[in-house]
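Trainee: after the sequence you'll find the predicted model.
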Amino acid sequence: MAPKPTLLLVEDEEDIAYVLTALFRKEGYDVYVGKNGAAGLKLARKHKPDLVISDIMMPLMNGHEMIRVLREESKVPVLFLTARKDEADRVRAFQFGADEYMTKPFSMRELVCRVRAVLRRAGRSPLAPILTRAGGLEVDFARHEVRVNGKARHLAPREFQLLKLLLEANGRVMSRAQLLKTIWGYDEGLGISTRTVDQHVARLRRSLATEKRRIITVKNFGYRIKTP
């Protein structure tokens, strides 16, 4: 069995740390928690996590200072999760070496999706199993193969990414905006139509033949996949 991906959560608000620890352990991660930047730096050196999720404003050592030191020693991906919303704060975070930036309050589903996306980009351990089966649908992630009732089906790269994301969500709903940003790298603010997602979902359904009904439309929001 492959080792679980490891997350380091650096957060001084105990209630948020508790909720996020429970969330990511349920999602299949090992989670370490530090209450400030100094503790986070010590834990990062000790455990070599796959991803660091950090607040910015913390006692003893803030998130910016922590990542500045960390970047001298490691290329571990860092996602800032903070109440600071100004553009200047975002820019500064990326200048220090952040890979992703989210503001509080935040969506749990979106945070999980962004963590997965950062891990994929960094080539870290994937959460999806090597082989997934759902009814007559069988997906081999290692070989990029899809079979329906034992028969191989050809999927275009975007269709395969879309199917993989929905399977990774394990029945949870993913919004069109989340899918658009994760797969195509687009931001809602750019004004690009979410019809792009709908068009690819239609193609994916055609490719899945008799298993097309597994992809369920959630009205005015997005899509989910029906899993056992």
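Mentor: It's in.

Trainee: right, and the helix or strand after the helix or strand bottoming out on mean pLDDT in the chain?
Mentor: Ranking every helix and strand in the chain by mean pLDDT, DSSP states H and E puts strand 131-134 at the bottom, with a mean of 74. Following the chain from strand 131-134 toward its C-terminal end, the next helix or strand by DSSP states H and E is strand 137-140.

Trainee: quick one: contacts of that next one?
Mentor: Identification of contacts with strand 137-140 by C-beta atoms under 8 Å, 6 or more residues apart in numbering yields 130-133, 145-148, 150, 163-164, 167, 208, 211, 214. In short, each C-beta sits where N, CA and C put it, glycine included.

Trainee: go through the residues you listed and say which is closest to R109.
Mentor: Using C-beta to C-beta, L167 comes nearest to R109 of the contacts of strand 137-140, at 15.1 Å.

Trainee: grab the nearest non-local neighbour of that closest one.
Mentor: Nearest in space to L167, with sequence neighbours left out and distances taken as C-beta to C-beta, 6 or more residues apart in numbering, is T132 at 5.4 Å.

Trainee: so what's the model's average confidence on stretch 202-220?
Mentor: What stretch 202-220 shows for mean pLDDT is 92.

Trainee: give me the buried positions along it.
Mentor: L204, R205, S207, L208, E211, R214, I215 (16 or more other C-beta atoms under 10 Å).

Trainee: what residues does the longest helix belonging to the chain touch?
Mentor: Identified as the longest helix of the chain according to DSSP state H is helix 108-122. By C-beta under 8 Å, 6+ apart, the residues outside helix 108-122 that reach it are 5, 7, 20, 23-24, 27, 50-51, 53, 77, 79, 81, 99-100, 102, 125-127, 165, 168-169, 172-174, 178, 182.

Trainee: any weak-confidence spans in the chain?
Mentor: Low-confidence segments of the chain, defined by pLDDT under 70: 1-3, 124-131, 142, 186-193, 228.

Trainee: so which residues of the chain form helices?
Mentor: With DSSP H, the ranges of helices along the chain come out as 14-26, 37-47, 63-71, 87-96, 108-122, 157-169, 176-179, 195-207.
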